[in-house]
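Engineer: coordinates only, no sequence provided:
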């Protein structure tokens with residue numbers, strides 16, 4: 001039987017070489033990666049500052065179902081805080097629901113919010129009524145856009161709305177935000193700049 005070889009006599013020779021080799025590999029790796037790290041990535045966006053006018057007061061909006069699937073605002077009451085805003089909806093069957101602003105957003109369709117609705121009569125869908133009353137300001141509608149007469153049950157309701165809308169707009173605040181514009185095209189998101197009229 002061949003006795004095992006004794007490698008201990010070589011250990012003093014190869015350990016320093018191994019350390020040197022590892023050090024060379026580490027330095028080479030760092031140098032190879034340095035150019036990639038030093039290259040500055042270009043920001044694909046440019047930025048624009050947008051000024052918006054936001055409400056500080058809220059509103060409680062009372063809505064009634066006037067015929068199956070059709071609704072109208074009957075009253076709006078200004079409250080001290082936007083967070084206190086809500087919609088109270090009374091159905092034809094006598095039931096009543098209360099919706100927060102967050103719950104209400106899911107009921108608004110794109111067709112309720114398009115600008116062409118100002119010049120047409122979208123109807124009395126719940127989403128349209130939510131958006132075009134004073135409560136629409138809390139949902140994100142521009143405060144430069146007026147409330148729409150068709151969202152109200154009658155002239156008296158509409159007149160009361162005018163007072164509520166004026167109170168909410170008069171206590172609004174100006175907020176400036178910076179947002180990225182893909183491709184460096186200023187106004188890409190609709191080009192809304194400057195303060196919206198109250």
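Structural biologist: Cool, got the structure. None of these values were measured; they are calculated from a predicted model.

Engineer: doesn't residue 63 make contact with residue 88?
Structural biologist: Yes: taking contacts as Cβ atoms under 8 Å, residue 88 lies within contact range of residue 63: 6.9 Å. From N, CA and C alone the C-beta is placed, and that goes for glycine too.

Engineer: C-terminal to the helix or strand containing residue 112, what's the next element?
Structural biologist: For residue 112, the host element (DSSP states H and E) is helix 110-113. Once helix 110-113 ends, the next helix or strand along the chain (criterion: DSSP H and E) is helix 126-132.

Engineer: how about residues contacting that next one?
Structural biologist: 61, 63, 71-73, 87, 89, 104, 107-109, 111-113, 117, 122, 136, 139, 141, 147-148, 150-151 (Cβ atoms under 8 Å, 6 or more residues apart in numbering).

Engineer: how about the helices in this structure?
Structural biologist: Counting by DSSP state H, the chain has helices at residues 8-38, 101-105, 110-113, 126-132, 135-139, 155-170.

Engineer: worst mean pLDDT among the ones you listed?
Structural biologist: If you rank the helices of the chain by mean pLDDT, helix 8-38 sits at the bottom with a mean of 53.

Engineer: burial check on residue 80, number of neighbours?
Structural biologist: Residues contacting residue 80 under the criterion other Cβ atoms under 10 Å number 10.

Engineer: good, wrapping up.
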